[in-house]
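Student: what follows is a predicted structure for the sequence shown.
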Amino acid sequence: MTALEKNRRSPDKRDADLGFRIRKRRQDMRLSLKTVSGQIGISSQQLRKYELGRNRISVQRLEQIAEILGATASDF
């Protein structure tokens with residue numbers, strides 16, 4: 001695996017920015033990690049990693065999260 005390939009798979013600043021916006025929206029709606037993660041079938045730890053930008057979010061997962069938060073993926 002080349003360095004370029006690894007960078008494509010590793011989270012970066014954009015992932016952290018996206019996670020921050022998701023977390024802010026969730027907190028503004030007064031929803032817990034457990035509530036949101038349970039509705040999409042992932043652990044609260046995984047959702048936390050998304051929010052902190054430690055893991056990349058697939059488009060499908062982003063759409064699920066957005067729906068729960070009353071938004072669209074493009075809102076984030």
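Tutor: Structure's in. What do you need?

Student: stretch 56-70: which residues count as buried?
Tutor: 56, 57, 61, 62, 63, 64, 65, 66, 68, 69 (16 or more other CB atoms under 10 Å). (Each C-beta comes from the backbone N, C-alpha and C, glycine too.)

Student: for stretch 35-53, same thing?
Tutor: 36, 37, 42, 46, 47, 49, 50, 51, 53.

Student: so which residues of the protein form helices?
Tutor: Counting by DSSP state H, one finds helices in the chain at the ranges 3-9, 13-28, 33-40, 44-52, 59-68.

Student: can you pull the contacts of the residue positioned nearest the centre of the chain?
Tutor: Note on the chain: the residue nearest the mean C-alpha position is residue 50, at 3.9 Å, using CA atoms, centre = their mean. When contacts are counted by CB atoms under 8 Å, 6 or more residues apart in numbering, residue 50 touches 19, 22, 57, 61, 65.

Student: please repeat the previous calculation with a cut-off of 7 Å.
Tutor: 19, 22, 57 (CB atoms under 7 Å, 6 or more residues apart in numbering).

Student: look up the closest residue to the last one, ignoring the ones flanking it.
Tutor: For residue 57, the nearest residue in space outside its immediate sequence neighbours is residue 50; the separation is 5.1 Å by CB to CB, 6 or more residues apart in numbering.
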